[in-house]
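> below are the sequence and a predicted model; questions follow.
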Amino acid sequence: MEQARIGVFVCHCGVNIGAYVDVPQVVEYVKGLPNVVHAERNLFTCSEEGISAIKKAIPEYSLNRVIVASCTPRTHERLFRAACEEAGLNKYLFEFVNIRDQCSWVHMREPGKATEKAKELIKMGVAKARLLQPLEEIEIPVIPSCLVMGGGVVGISAALNLAEQGFEVHLVEKEGELGGTLLDIYKLFPTNEQASKLIGALIQKVKDHSKIKTHLSTKVKDASGFIGNFDATLDEDGKESKLKVGTIIVATGAEELKPLGQYGYGKFPNVITQLELEQRMKKEGFDGQNVVMINCVGARVPERTYCSRFCCMTAVKNATLIKESNPTSKVWLLHRDLMAYGVEFENYYRKSMEQGVRFIRYELEKLPRVIGNGKAEKVKVWHQLRGREVELSVDIVVLTTPLIPRADNEEISKMLKVPLSEQGFFLEAHLKLMPVEFATDGIYLCGSARWPTDIAEGVSQAYAAAAKAAIPMRRGYVKPEAITALVDEDKCSGCGTCEPVCPFKAIELQARDGKKVSHISEAVCKGCGTCGAACPAGAIIMNHFRDVEILAQIEALFSKSN
Amino acid sequence: MNGQNGHKSVLVIGGGIAGIQASLDLANMGFKVYLVEKSPSIGGRMAQLDKTFPTNDCAMCILAPRMIEANSHSNIDLYTYSEVEDVSGEVSDFKVKIKRNSPFVDWSKCTGCGLCEEGCPVILPKEFDQGLGKRKAIFIPFPQAVPKKYTVDKREERPCKAACMDACPAHTNVLGYIKLIAEGEFQEAYKLIRDTNPLPASVGRVCYAPCEEACNRGQIDEPMAIRDLKRFAADQVNIEELEVPTVTKTDKKVAIVGSGPAGLAAANDLALKGHDVTIFEALPESGGMLRVGIPEYRLPKEILRKEIGYIQKLGVEIRTGVQVGKDIALEEIRGNYDALFIAAGAHGGMRLRMEGEELPGVIEGIRFLRAVNLGEKVEVGKKTAVIGGGNTAVDCARTAKRLGAEEVKIVYRRSRSEMPASAEETAAVEEEGIPIEFLTTPTRFFPGNGKLARMECVKMKLGEPDASGRPRPIPIEGSEFTTSVDTVIAALGQAPETEFVKEFGVSLSKRGMIEIDPETGATNIEGVFAGGDVVTGPAFVIDAIAAGKRAAHSIDRHLKGEPIEVKEEGKEPEKLSEEEVEDRKKRFPSQKRVRLRDEPIGERIKDFREVSLGYTVEEAIEEASRCLAGQIEGCIECHECAKRCEANAIAYTMQDEHIEIDVGAIILATGLDLYDVSPLTEYGYGKIKNVVTAIEFERLTAASGPTFGELKRPSDGKIPHAIAFIQCVGSRDFKHKAYCSSVCCMHATKEAILAYEHHPGTKSTIFYMDLRAVGKRFQEYVTRAKEEYNVTYIRSRPGRVAVNPENQNPIVWYEDTTTTETKNMEVDLVVLCQAMTPRGSKELAEMLGIELNEYGFVEVPDKLSHPVDSTRPGIFACGYVHSPRDIPDSVTQGSGAAARAAEVIAGGS
Amino acid sequence: MNLEDIIQETKTYYCLECGKCSSLCPISRYDPQYSPRVMVENALLGLEDEIVYNKKLFSCLTCYTCQLKCPSDVDYPLFIQKARVLATAAGQHGDYAHSGTLQSIAMLMARSPLKQNRLEWLKKDGYRTSEKSDVMLFIGCSPYFEPVFEDIPMRTLNIAEASLKVLNSLGIEPLVHPDERCCGHDALWMGDVETFKKLAEHNATVIKESGVKKVIFFCPECYRTFKLDYPNYVKLDCEVMHISELLAQRLETEGLRFNEVKRKVTYQDPCRLGRHLGIYDAPRKVLQAIPGIELVEMEHNREESICCGTSCFTNCDSYSKQIRVERLLEAKATGAETLITSCPKCQTHFRCAMVNKGEEKGPDIEIELMDLVNLVATSLGG
Amino acid sequence: MAEFEPQIIAFTCNWCTYAAADLAGTSRIHYPANVRIVRVMCSGMVNPMYVFKAFESGADGVIVAGCNYTDCHYIDGPVKCDAMFARLKKMVHVLGLEEERLRREMISTSEGVIFARVVEEMVEQLKKLGPSPFKIKMETLA
């Protein structure tokens, strides 16, 4: 390896770093580090100006290592690696040093220490960069077919879109029929169209579409492999079948919270949830005379802090339907902020006022009380804006509850190895950059499985997930990161300790001119490095995270000379 | 909708975050994308944001990588500063006409370096900062613009021919500095002048102003007072405090003979190029004719000294009292300097060649002025006669008057119209009680007790024009007459003294002046250049400066061994045609020129104080605003940017481009506009300074904003410690916009948090009706705002905002609906969260043939099962133009629209 | 007509309970117990008693400030008027000022066939009226107001005289009818629809019999009642006009010869003329046409001007006084010498606010008061 | 002498704890600046050699942090790490190193707050314990 010529680019990130880390002082310090031949600072290294500065500096100072000290590799490593590649430098000769999220932002109150820490972190980065080696990425073919988990309106929409684009789709639904939650719903806001008509039409389209294979009362038992090559095992009432797909879309939706123990639910027969109300309307119709609906039941409370986004509109819709079918009825809607955002919902909210639905605002500190023996007879609520208690006689109380994660989310998350958020919904890679993708390549996410969403937004997300899945499938191959393990066959004594360690079964022992030697398949290896740690002989080298590179960082930190 | 044979390409209209996301997804799928954006840069509304909720990460950190990816993606053709003109055809076969507005800059050459912007004199409100900040006529919308290319905001043709700049020998950017004065930017005006003319204060006083004669405004009422405005700009600056630009030194040395305007100009330019310059000045004081030829009352010595002092600060050494050819030989200088520039000027006087000329009392004009200007004691008799008709003669006469001569008169052999002195000077001398005897010339001088006593003159009549084109004066027989006189000053003109160069071998013309190649200023000897009066004979200051600059340019190239290519000389000053004059007369009301006031005549002749008083600020601005070019909006084509652009990318004549493309599908993603909230008069927007809109507040906190991230309130720049946010201003209101704009509750919360982060301890109050925090992790964000960032929420929609006259604090009147008390709250700043409307949807809808709903958002026929489809197959919509939504939902819907478009153009392939 | 019907008619169900009306309402700014929003809240909750038996129902000035800015377009003043009908039916009424004299006068005029001698002020010379004119000058209750407000002092009749003088100088010799009755404005707005109907019918017949084509008003309340309310109850086939509109019209057409009156004035928009009828510019055009007059606007002007504090001589309390003080201070802040208004009631209430019988001096709110018509009369006059 | 500032090395797994540290940043949660993070792809990759090297070079404290058992991007990384760590703990104990100097943590992506608290707590403890015994020895030996 010829002498390392390192270029360091320290970022201001506007005020985010610049206001707390003395960037010019850091650049001066960095210039003194061995092998650093060029160091400069930019206002926004990730901007076009910053990128072209890197591309210009590489040939100009004939750099063979590049370090960017700015935000976090998780979002910007790909961008800077691409810049190095475009300037002719192997993108694995690039090292990222995090001096924003893990330095300036967390040590705002001690700018002095933040500057010292930034210097040391870059010194560690330089130590590692010196030892980095160029790596080549390999192309892995992608099977142009997608496994969609969940046969609700969202799953179906994703499946239809991909099928229309020409891809083969496997639609897996654990219930006996497609349709999901919409099967229980009577009418839909804001158009008041029949839920059954909508979902019926979509199910029909799925049936007619040659490219979609539907698997009913089927659960995905296991799914291993990686983007382009997922091996899924389906379990249809005990009958197992194997499936090879390129991408997976999680559209398993969510379920309505049953608020046991609140407002007499479970005790009084005439205290039901909105979904139960819809089921009644759908089956035998509804003729309630005095109806009180209570919103935010079990939502925006300390134990469940989130707002489930569209339950207000469900309540307003059902209230309007009741008034339309029975104008003399008295419908009260108790709420703590009426989330009728946007154009359609605000119009619908006003229509409900015209119909005579009356709204009462209550506060978390003074919850309404449902009174009666054997059944709900009265609701007492402190009218926050009137500053007095109002008593309403009722013959039915409808509780509006939030959507909560499905019970089997845990299981799916373990199976697909995708994270859950603190509330239990699936956690997307990045709220704004990758809203419908998981960190793991090839697995996408949409609908209420991600976060409670109404139908229009859910279907938009379904299309978005379909678009993201279509990208690798249409291109036909993916080039995963070249961070994989490598066996140094001279050192390998063939003891086989590594083979069972690999969770992805990428290691197998092979005979090599009379000697057993361990072999790691580049395509399967995900680069976790556990085999390297386990190997007693130190024969396994982790690309881009070699032991010498890690140790160099530690040494650099504590060595007094720089 | 099977697009088997359709085009595998998509048109995306609108380069905001939604449009970019849709384009990236389609491009990554391998389809061709045409992304059309009206502004010169993509980025849309999000680029204006400082931080985005709920994660508070900086908007630019999310947006920049996507903009770069979109700009460099092989499948995406980016058309910024462009609009869709026409759309025809049907799904999978649309024909689209795109108009690329001419940015008047060749984007293939422009590197976005920004040198042009510094020099541009036209200052306009910056749309990106909602008009709070300023930008130039040549601009990029925001620092991280993609593509980072400059655009010239040229809105209408310049109403005049800029004849002034062509007429000026040095081609000073007159348009530019007059515009800057009109805008009150006096320092900038001085700097702009200084870029071409190293002696603004002097030239601003004595220049003969050929520019004013050529000024097109002259054809309408009166020409612009260009010279007086130049003087005004120079007077606003303390030249001694100007910091000197740091220059990278070259190892070349240049010698200059003569520290007159030519020598000084050359020295200035060569020093700026890094060469080491030494000037040899024969006289004890530097400045040449400016110092010794022009009297104090016209050009105060103190001003000239300061201007020369600045040039010296550039590293120029001036050795005074060293006469080349006497104290030091030209040979020797040429030896130890790499180049030589002869600018000795024309200090020799002309002789009368008549009897009695040597009598004491007869003095040569130039020598007389030099003596006075150098402070020597000069005696002037009671009756003094000055012979000659040029500026020098007038200067001698007025100087003699100031030295105490009681009766001073000028004797000139031709008539008034032939007098070379300017009309102003002639008027000034007559005003000071100095008569002029025309058609008279002296013939003999008679002594009286050893010194001059009487002079005999003869009357003249004008004959045929002589070599100079002026009629030849012919003495009239027998018209001799004698008058008594004590002093006679002969101011017949000047001639260069070129003895000292003769033996050096420099070729001289018949009249004894140095011959040079007019283009480059080079003499016949290699490395020796010449310019100014020594070459042309007595000319004007500005001609000498122009010659000095030309020579400096040639010397610099000579020192660098590069061929001396000639800078194009520029065209002749053009006149306005008849119709153009008529048209201008209609457009611009006739307005008299603002005259310079002078010291009262009685006072000014007593001493050598400066005669003209110069403009006051108001007068200067009033005069500067008369300039025709300066009155149009946008670029006035003063060519300053073209001059500074190293990539010479400026192209004033660039035309709009019309492009036709074929696409299979179209995605509308034009985003949002902000509703004008001034009709809600009760909130006082536009009347009360400290009532701003949410987007203006955002710009005040942004690092790239007008206050560079320092949150200051508009009225007095103080830090606002108490801020009130009023929600639903214009939204949820029958009289304005009946819908809810969806994002303002969270936007206000974020801005309240930002305010706290900028100045911990800030107390924010948000007046809301329904706090619509519906998205992922929004509720937790609001809770954090309450607990950690001192934000209070009051459920009420304030009725009106009054103002406390003492401190300009807005007072919010509101009823706290949870306690039914009507109260008022005095705060430092009120932020109105204004309604947002779909951008550009009306015109585009007509063109695309799609319907809009009652508020102008895209009408979606099948809201639930096909949420991103418009009323026309193959045309989709995403982002705020589809329906009010925040950034995460816009990004998702961008991908959604991409998927639907892919369905159409993939067509089962 | 029950509470629910009122809610439907006035679209009160659109109310978003945002509180904008309360924060704009001059009364709720001072009276903590009164909030228009709470009144609507009670209606939406069906708490009829909270409205009908609520004294504050009669505090509303019906000045339309709230309705003009209500984001949900709820016609609150109409809601109040209708609610007061319910209250009147339940025997409720507001606290009558001036011991109910004005209310009784109106009641009497509606009931008994009385013979009013209301034209004594006409005896003075110099006023030319004629029976057969096709233009009628409606005097309204000014003859009755004169004695009631003698102690303030407030001579309402000098507005009537000035109006007559102005019409004469415009060449009009109007009919001044001896048997006009109160236009019924106060009764209607206080919910006493019966009295209003009777007065309306009477006036309609009087006008029909007199055969006039045009009726000119100087009192905005009478003008608003004739223009907007009468058509719902009686047939009127003559044109109705406020005197400031007539003057503005004449300015446009033939122009007016004004003598110079050197004075700095500010203008109070009466609620009925401004917000109810949208007439803001006519009075201003007339003022600015008088040479020497310099008009300066108050901070709150045109549709945002603040009411004079009392409506229909009911619930006139300390809060009304505070409103007037605030408004007079605002007038003085403009530096004007005179506060011009074109409404006899505004002028009366402002004058009453300036009366200060007690020792301790209240805030200095003294300012000269004059009706537009009086100013015009002096400028057109001798 | 200035108050003792312990130096801590934290080996964090790229997918969970590194992201948690980032989350602490985006939510502006303050914690002492004594920690230096070394990014590894998985906690299972942490080799006892790395930990010893850290102590040798003068670290006063070492944290080995990764995902919870269920979150691991590579299925069972944490299980391997536990096994390695158990052995490491015994070794270091025998060496006479105080318990608090070596910590094993499981911090998932969304637990930015916990990452900050762990660092804060460890800095407090190490301030009480004083510099690492290895460090003192090194100086006297050198």
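Cool, got the structure.
> ok, the nearest residue to B:Pro706 once chain neighbours are set aside to B:Gly184 distance?
Nearest non-adjacent residue to B:Pro706, counting by CB to CB, 6 or more residues apart in numbering or on different chains: B:Gly133, 3.2 Å away. C-beta coordinates here come from the backbone N, C-alpha and C atoms, glycine included. Distance, B:Gly133 to B:Gly184, by CB to CB, to the nearest Å: 17 Å.
> who has more neighbours, the two?
Taking neighbours as other CB atoms under 10 Å in any protein chain shown, B:Gly133 and B:Gly184 compare with B:Gly133 leading, 17 against 13.
> so the more buried one sits against B:Phe708, correct?
No. With contact defined as CB atoms under 8 Å, B:Gly133 does not reach B:Phe708; the gap is 9.6 Å.
> quick one, helices of the stretch 251-400 of chain A?
With DSSP state H, counting those that start in this stretch as the criterion, the stretch 251-400 of chain A has helices at A:274-283, A:311-325, A:342-355.
> residue 5: neighbouring residues, count only.
Here I'm looking at chain A. A:Arg5 is flanked by 16 other residues according to other CB under 10 Å.
> please go with chain D instead
Other residues within reach of D:Glu5, judged by other CB under 10 Å, total 14.
> next one: the residue lying closest to it once chain neighbours are set aside, what pLDDT does it get?
In this structure, D:Glu5 finds its nearest non-sequential neighbour in D:Asn34, 5.9 Å apart by CB to CB, 6+ apart. Looking at D:Asn34, its pLDDT reads 94.
> now B:Gln144. Nearest residue, chain neighbours left out?
Of all residues beyond its chain neighbours, the one nearest B:Gln144 is A:Ser47 (4.1 Å), with distances taken as CB to CB, 6+ apart.
> could you check the pLDDT of that neighbour?
79.
> quick one: the strands in the stretch 101-250 of chain C?
Taking DSSP state E, counting those that start in this stretch as the criterion, the stretch 101-250 of chain C contains strands spanning C:135-138, C:214-217, C:239-242.
> select, out of these, the one closest to C:Met298.
For the strands of the stretch 101-250 of chain C, proximity to C:Met298 was assessed by CB to CB; strand C:239-242 is nearest, at 20.9 Å.
> related to what we said a few turns ago, test my guess that the residue nearest to B:Gln144 contacts B:Ile68.
Yes. If you go by CB under 8 Å, A:Ser47 and B:Ile68 touch, sitting 7.5 Å apart.
> could you find the closest non-adjacent residue to the closest residue to chain A within the stretch 401-550 of chain B?
Per CB to the nearest CB, the residue of the stretch 401-550 of chain B with the smallest distance to chain A is B:Lys549, at 34.0 Å. Distances taken as CB to CB, 6+ apart put B:Ala265 closest to B:Lys549, at 5.2 Å, once the chain neighbours are dropped.
> quick check: that neighbour vs B:Ile666, distance?
60 Å.
> of these two, who's got more company?
Neighbour count, other CB under 10 Å: between B:Ala265 and B:Ile666, B:Ala265 has more, with 31 against 27.
> so the more buried one is in which element?
Using DSSP states H and E, B:Ala265 falls within helix B:261-272.
> quick one: contacts for B:Val203?
When contacts are counted by CB atoms under 8 Å, 6 or more residues apart in numbering or on different chains, B:Val203 touches B:197, B:227, B:230, B:261, B:541-542, B:545.
> of all the strands of the stretch 101-250 of chain C, which one is nearest chain D?
Of the strands of the stretch 101-250 of chain C, nearest to chain D by CB to the nearest CB is strand C:239-242, at 63.7 Å.
> counting contacts, what elements does the closest one pack onto?
Identification of packing neighbours for strand C:239-242 by 3 or more CB pairs under 8 Å, 6 or more residues apart in numbering or on different chains; DSSP states H and E yields strand C:214-217, helix C:220-224.
> buried stuff in it?
C:240-242 (16 or more other CB atoms under 10 Å in any protein chain shown).
> got it, and stretch B:423-435?
By neighbour count on 16+ other CB under 10 Å, the buried set for stretch B:423-435 is B:425-426, B:428-429, B:432, B:434.
> which parts of the stretch 51-200 of chain C sit against chain B?
Counting by CB under 8 Å from any CB of the partner chain, the stretch 51-200 of chain C comes close to chain B at C:69, C:71-73.
> just the buried residues from these, in ChimeraX please.
Buried subset of these, written as a ChimeraX selection, criterion 16+ other CB under 10 Å:
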select /C:69,71,72
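> any idea how far the nearest residue to A:Ile51 once chain neighbours are set aside is from chain D?
In space, and not counting its chain neighbours, A:Ile51 is closest to A:Ala83: 4.9 Å by CB to CB, 6+ apart. For A:Ala83, the distance to chain D equals 20 Å [CB to the nearest CB, to the nearest Å].
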